Each structure stands twice: as C-alpha cells, then as structure tokens.
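Undergrad: Pasting the sequence and the predicted model now:
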Amino acid sequence: MALVKMEYYLSLLLLLSFLWICIHFLTKSLAARTLPPGPRPFPIVGNILQLGNNPPQDFANLSKTYGPIITVMLGSLTTIVISSAEVAKEIFQKHDQAISGRAIPDSLRAHDHHKVSMAWLPVAGPWRNLRKICSVHMFSKKQLDITQYIRRRKVQELLDYLQEKCDSGSSIDIGQAVFTTTLNSISNTLFSIDLVHHHSHLSQSFKELACRVMEDIGNPNFADYFPILRFFDPQGSRKRMSGYFDRLFEIFDGIINERLQTRASSTKNKETNDVLDSLLNLVEENNNSEFGLGDIRHLILDLFFGGIDTTSASVEWTMAELLRNPEKLAKAKNELRGLLGKDWMEKAEEFDISNFPYLQAVVKESLRLHPPGPLVAPHKTESEINIVGFRVPKNAQVFINLWAMGRDPKVWPNPTTFMPERFLERDIDVRDFEFMPFGAGRRICPGLPLASRVVPLVLASLIYTFDWKLADGLKPEDVDMTEKFCFSLHKAKPLLVVPIQV
C-alpha cells in the first residue's frame, strides 16, 4: 500500500512538474509575442550574427522590415531599437524615468569607472551632484562667457597653423587639426595648460587613444551579451580599457598633484581660476563626503571623451559635406563675409549662430546625417513599460537609433542628400524629437551648451579665413564618406585638404 501511494505521489509530482514547465514556456512564449517584432533569434547567440561593423545601419535595415521599434536578442540581452521620431517622442515623454538606467559596456567596468562616471551612473543623488557640478562650473552661460577667450585663442592658433600650411601649399588632416584645437580648449578650461601642439606627435597619440577607447566601447563584446563571461573578459576589452585609463590617469594625477602642491605652498587667497581649482575647492568644502579627489579624475575622463572626440568628428564631417557640395560652401562663406568684420575674432563675445541662419542650417544638416553618437549611450529599463502597444521588459537594453531617424524618408525628403536649406524651411531645434543629435530627456548630453558654441565657431573660422581644395587633386564627388562606427561616428578615411589664401 505504501509503495502504491509513493508511486501515486511520484506520478503526481511528475505531472505537476510537467504542467509547470508547460505553463512556464507558454507564458514566456505569450510574453514574447507582446514584445516588439524582430528577426527570429538563433539559439544561444540570438541575432548577434546579423550585425556587422556598422550596427546603426544594420538596425536601420532591420527596421525597414520589422518597423520603427524592434526587438533583437544579443546573446541573453534583450535589446529594443527605436528608429522613428514618433516612437522616441512617446518613450521620452511618457517613460523618461523608466528608461533612465544605463546598460553598461563591460569595458567601462575598468577601474570601476561605471560606479563614478556621470555618463553611466544611475539617475540618483551622485549623478545629480555631478550634473550640477558640470552645469555650474563648466556649462552654464556665465562660465561659457568667462571662458570664451580660451576658445578664441585656441581657434586663432589653429588659423596660424593653417596659414603655415597655406604658405607652403601643404595638405592637412582637418580632423586631426581640429582635434588638437578642441583638446587644448578643454585642457585650458580645466587645467590652464596645453596638452598637445599642432606640430607634435602627441596630438596624434591622443587622437588614436580616444579612437581606441570609443572602439572598445562600441565593438561587440561577448561579456556584454553573456554576463557570465564578465569574469573571464574573453576578448580582453576590459583589460585594454584599463590600460588606456592608466595612461590618462597618470597625466591627470600629475596635473592634480602639481596643483595641490601649488595651492599648499601659496600664500595668496585661493581663487577659482579654472575648473580644476573649482573642483578642488569642492573637495575641501565637502570633506570628501560627496565629491573626492578620486572623483575628479573620472569626471575629467568623461569631459575629455564626451567633448573632444565628438566635436572634432562633427567639424570634419561638416567640412567633408561642404567640400563635396561647393555651392553650399560658397553660400556659407558669403553669409559669413557679408556679416562679419575683419576683426571679428578679437571681439569681446562669441558670435551668436542665430544671426547666421545658413551656417546654423549647415551644422544641423551635418548632425542629421552624421550624429556624434549614432545610437546614443544605451539606456536600460528600470521597470517594465508599454511602448506603442508593445511590452518592453525590465532590464532591457534600449537603443535610440539617431542614424536611422536622420534618414527617415517620412520625416526628411531626399534623406541621404546634404540639403541645409531644409532647416531654413522648418524651425527645428536640436531638442526636438525628430532631430536630437545630443539625445533627449534627463540623459541629454550635458555638454550641449558648449558644443553649440564650439562647432559653429571653429567651422566659421575655417570657412571665413581660407578657401579650400581637396588634397591629391581629388574631385568633390570622389570624397570618401565611408563611416567607421566606434560608439561615436568617424570618417573611415581622414579628410585631407589644402588651405588657400583668400
């Protein structure tokens, strides 16, 4: 009798287990059906094999088949990709807080950078504190007005360097030249020193380092797709990033330590001469409770990579588009020469780009076609949400595909054609959902106020001061516009040009 009962309970247990498994998979299957559509994933690897070297373009192609919001499985990581302004508007207006988390690339766990980085921290007290520090001490209108003389001086140094090349008839890598200018503008704002010079190889080393960092963040990494592999770092991405950070921290620490020694030995009152002084004052005021010396190096790292690489890339893309379209370049040049005097670089204030509608349209059109961060930094859902009728689960990675949105034919007629005139016909701001090259919501790029000054200033200086021709006798239609995706968007081949005396 006992044996019969045991067999009965065993059978019942097996039946219940079978039913539970069936219900589990049925529930999972039904839930999956409510996710946004997407390509059928392969076992284990998901849709990884369907992505190549240019994920923004690959996602855009998939969206043509499956719609403006799609699901792709990257290993075990559920990823939602949004490729239309309409869906982006809904997600930022209704679910901004719910998608305010970050899906952190494993490479950025080097030196625990993700735990103290403004770009990757969760939206909470420490993040708000860093945003406030940046807003007050770097990106406020007051501070930007105070530091504009630095940017004017560095742009003048760029023009002097270009004049040398003009006199010798030599070609230059315009992206590299602008990178040097932007790097020194930022380093002087932060530290009151130049880090590189136009004639030194150190500038190229910095640029290569910045590109390698961006590549390791943007390249496919199995440790991101299969978290169980993080411990092993199978592709060595975190190890490489740690090496890059070591090189930069060595430079930053040397500057910080030297400043601390100067402040300790100085008998003068402590004056806030640059951002580093302001940050050190904050450390002393807070007694290391909210913001310490270790936080400064990580904040500076964010400011460097957030502002230098993307700014120089934006100017290079814009110059490339103008040189491919000589009539657009002539129109921008005529506008500047008609409104600016010979001594405009010596004026007390930076010019207001709103006074130059065509130049403003040129910048916007270039950002539409070549957004600095084509996929933005990956968001992560903090809770389950519903977007245009589809379920997006908690902890899903969310990409906003700005590259695809800028080429949406429903919003932009002739989307692949460089036509600044479209922005003269429509009043579209960089904060509008159909055109948001700096992101949107609470995670919008904090450096937007600075970028909106630097890119037009550098671009106007190049256009106004010189005429330009392509190196090696290249024709405008032959300019290589191949993209290289490495978290930010770069030209695969540098733009080589020759400045000509006006």
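TA: The structure has been received and is ready for your questions. Just so it is clear, the structure is predicted and the values come from calculations on it, not from any experiment.

Undergrad: Not counting its neighbours along the chain, what's nearest the residue positioned nearest the centre of the chain?
TA: The residue lying closest to the centre of the chain (CA atoms, centre = their mean) is G373, at 3.9 Å. Spatially, and ignoring its direct neighbours in sequence, G373 is nearest to S488 (5.9 Å; CB to CB, 6 or more residues apart in numbering). The C-beta positions use only the backbone N, C-alpha and C, and glycine is treated the same way.

Undergrad: who touches that neighbour in this structure?
TA: By CB atoms under 8 Å, 6 or more residues apart in numbering, the contact set of S488 is M214, G218, D309, T310, A313, P372, G373, P374.

Undergrad: Repeat the analysis, applying 6 Å as the threshold.
TA: Taking CB atoms under 6 Å, 6 or more residues apart in numbering as the criterion, S488 is in contact with M214, D309, T310, A313, P372, G373.

Undergrad: Equivalent analysis for L359, please.
TA: Contacts of L359 by CB under 6 Å, 6+ apart are A332.

Undergrad: how would you label it: helix, strand or coil?
TA: Under the three-state scheme (DSSP: H, G, I helix; E, B strand; the rest coil), L359 adopts helix.

Undergrad: Any figure for the gap between it and D427?
TA: Relative to D427, L359 is positioned 16 Å away (CB to CB, to the nearest Å).

Undergrad: Ok, I300 next?
TA: Per CB to CB, I300 is found 37 Å from D427.

Undergrad: In terms of neighbours, single out the busier of these two.
TA: Higher neighbour count among I300 and D427: I300, with 23 against 7, using other CB atoms under 10 Å.

Undergrad: Now for the more buried one: which residues touch it?
TA: Shown in contact with I300 (CB under 6 Å, 6+ apart): F252.

Undergrad: Let's see that with 10 Å instead.
TA: For I300, the contacting residues are 186-187, 190-191, 248-249, 251-252, 255-256, 275-276, 279, by CB atoms under 10 Å, 6 or more residues apart in numbering.

Undergrad: host element of it?
TA: helix 293-324 (DSSP states H and E).

Undergrad: Pull out the buried positions in that helix.
TA: The neighbour-count check on helix 293-324 (16 or more other CB atoms under 10 Å) flags 295-324 as buried.

Undergrad: ok, residues contacting the helix or strand just after it?
TA: Sequence-wise, the next helix or strand downstream of helix 293-324 (DSSP H and E) is helix 326-339. Contact with helix 326-339 is made by 318-319, 321-323, 325, 344, 351, 355-363, 365, 418-421, 459-461, 463-469, 476, 502, as judged by CB under 10 Å, 6+ apart.

Undergrad: Whichever of those end up buried, select them in PyMOL.
TA: To isolate the buried ones among the contacts of helix 326-339 in PyMOL, judged by 16+ other CB under 10 Å, type:
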select buried, resi 318+319+321+322+323+325+351+356+358+359+360+361+362+363+365+418+419+420+459+460+461+463+464+465+466+468
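
Undergrad: Am I right that K207 falls within a helix?
TA: Yes - per three-state DSSP, K207 lies within a helix segment.

Undergrad: Just the element for the closest residue to it other than its chain neighbours, please.
TA: Taking CB to CB, 6+ apart, and ignoring the residues beside it in sequence, K207 has F179 as its nearest neighbour in space, at 4.9 Å. Here F179 sits within helix 174-191, counting by DSSP H and E.

Undergrad: Now do the contacts for the residue found closest to I193 once you drop the neighbours it is linked to in the chain.
TA: In this structure, I193 finds its nearest non-sequential neighbour in S187, 6.0 Å apart by CB to CB, 6+ apart. Shown in contact with S187 (CB under 10 Å, 6+ apart): 150, 154, 193-196, 206, 251, 255, 274, 300, 304, 308.

Undergrad: could these go into JSON lines alongside distance to G46 and pLDDT?
TA: Putting the contacts of S187 into JSON lines (distance: CB to CB, whole Å; pLDDT from 0 to 100) gives the following:
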{"residue": "I150", "distance to G46": "48", "pLDDT": "92"}
{"residue": "K154", "distance to G46": "46", "pLDDT": "94"}
{"residue": "I193", "distance to G46": "48", "pLDDT": "91"}
{"residue": "D194", "distance to G46": "47", "pLDDT": "91"}
{"residue": "L195", "distance to G46": "42", "pLDDT": "89"}
{"residue": "V196", "distance to G46": "42", "pLDDT": "88"}
{"residue": "F206", "distance to G46": "37", "pLDDT": "85"}
{"residue": "I251", "distance to G46": "40", "pLDDT": "92"}
{"residue": "I255", "distance to G46": "44", "pLDDT": "93"}
{"residue": "D274", "distance to G46": "48", "pLDDT": "91"}
{"residue": "I300", "distance to G46": "37", "pLDDT": "92"}
{"residue": "F304", "distance to G46": "34", "pLDDT": "84"}
{"residue": "I308", "distance to G46": "35", "pLDDT": "86"}
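
Undergrad: low-confidence ranges in the chain?
TA: The chain contains residues with pLDDT under 70 at 1-33, 266-272, 287-289, 341-351.

Undergrad: Which elements pack onto the one helix or strand E164 maps to?
TA: Per DSSP H and E: E164 is located in helix 141-168. Here helix 141-168 touches strand 172-173, helix 174-191, helix 275-286, helix 448-465, strand 466-470, strand 496-501, going by 3 or more CB pairs under 10 Å, 6 or more residues apart in numbering; DSSP states H and E.

Undergrad: Most tightly packed of the ones you listed?
TA: helix 174-191 (a mean of 24; mean count of other CB atoms under 10 Å).

Undergrad: quick one, that helix and helix 141-168 angle?
TA: Helix 174-191 runs at 140 degrees relative to helix 141-168, counting by axes from the mean of the first three to the mean of the last three CA atoms, to 10 degrees.

Undergrad: chain center to helix 174-191, what's the gap?
TA: The chain centre lies 17 Å from the centre of helix 174-191; the measure is CA atoms, centre = their mean, to the nearest Å.

Undergrad: same check, this time on stretch 204-214
TA: A distance of 15 Å separates the centroid of the chain from that of stretch 204-214, by CA atoms, centre = their mean.

Undergrad: try stretch 290-299
TA: Taking CA atoms, centre = their mean, one finds the center of stretch 290-299 at 22 Å from the center of the full chain.

Undergrad: same thing with stretch 87-95?
TA: Put simply, stretch 87-95 sits 20 Å off its chain's centre (CA atoms, centre = their mean).

Undergrad: what's the burial count for the closest residue to L322 other than its chain neighbours?
TA: With sequence-adjacent residues excluded and distances taken as CB to CB, 6+ apart, L322 is closest to L329, at 4.1 Å. Neighbours of L329 under the rule other CB under 10 Å: 19.

Undergrad: Distance check, L329 against C211.
TA: For L329 relative to C211 (CB to CB), the value is 27 Å.

Undergrad: swap in G46?
TA: Counting by CB to CB, the gap from G46 to C211 is 28 Å.

Undergrad: Same check on V87?
TA: V87 sits 32 Å away from C211 when distances are taken as CB to CB.

Undergrad: Compare the two (neighbour count), which wins?
TA: V87 (21 against 18).

Undergrad: sec struct for that one, please.
TA: Assigned by three-state DSSP, the conformation of V87 is helix.
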